[in-house]
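structural data only, the sequence is not supplied:
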């Protein structure tokens, strides 16, 4: 979180409320080991966000079933292979456009003066309402750099070339 410069400590502006946070702890079993993998994730309590104050737009396109069937049909007909990728820590590298404030997580303060400050988020945290929208906009602008164009009939379908 520190290395990614997720927030900066500031005084809370008048009339604003900081979002609360929550630590989510999980363990996952790895197939080649008997030892579980422990994970911790800091999430903002996005359900406390207010439309027009903390966010404006919530939108994440999902591929249409018709598009998926068409793509799979072409692959079978042309004897092509399908590859898939998973983007790890997707939201954590996206700059935040809105001014969102969050209470300082316990254990992050190092001096007494800092305990009076709150976190102004600079990057998206999981569970913020605008996280999927911001990720889609970033993905769209990134993939366009490589000559891909979005289809009008499905915002999840891109092609390169003609």
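Right, received. Where do you want to start? Quick caveat, the model's predicted, so the values are computed rather than measured. Residues are numbered from 1 along each chain as shown.

so the spatially most central residue of the chain versus residue 132, what's the distance?
Centroid-nearest residue in the chain, with C-alpha atoms, centre = their mean: residue 91, separated by 2.2 Å. Distance, residue 91 to residue 132, using C-beta to C-beta, to the nearest Å: 8 Å. Quick note: C-beta positions are derived from backbone N, CA and C, even for glycine.

ok, residue 49 next?
From residue 49 to residue 132 the distance is 13 Å (C-beta to C-beta).

do residue 83 as well
Taken as C-beta to C-beta, the span from residue 83 to residue 132 is 23 Å.

how about the helices in this protein?
Using DSSP state H, the helices of the chain run over residues 65-78, 131-144.

ok, of those, where does mean pLDDT dip lowest?
Of all these, the minimum mean pLDDT falls on helix 131-144 (a mean of 88).

buried residues in that one?
Buried residues in helix 131-144, defined by neighbour count with 16 or more other C-beta atoms under 10 Å: 131-136, 138.

and which of these is nearest residue 61?
Comparing the buried residues of helix 131-144 against residue 61 with C-beta to C-beta places residue 136 closest, at 6.5 Å.

phi, psi of the residue nearest to the closest one when sequence neighbours are not counted?
Take residue 136 and drop its neighbours on the chain: the residue closest to it by C-beta to C-beta, 6 or more residues apart in numbering is residue 60, 5.6 Å away. Torsion angles at residue 60 (phi, psi; degrees, to the nearest 10) stand at phi -150, psi 110.

thought residue 60 was touching residue 133?
Yes. Residue 60 is in contact with residue 133 according to C-beta atoms under 8 Å; the separation is 6.3 Å.

coming back round to it: residue contacts, the residue nearest to residue 136?
Contacts for residue 60 were tallied using C-beta atoms under 8 Å, 6 or more residues apart in numbering; they are 132-133, 135-136.

most widely separated two among the residues you listed?
Largest separation among these by C-beta to C-beta: 133 and 135, giving 7.3 Å.

ok, residue 11 - how many residues close by?
The local packing of residue 11 (other C-beta atoms under 10 Å) involves 10 other residues.
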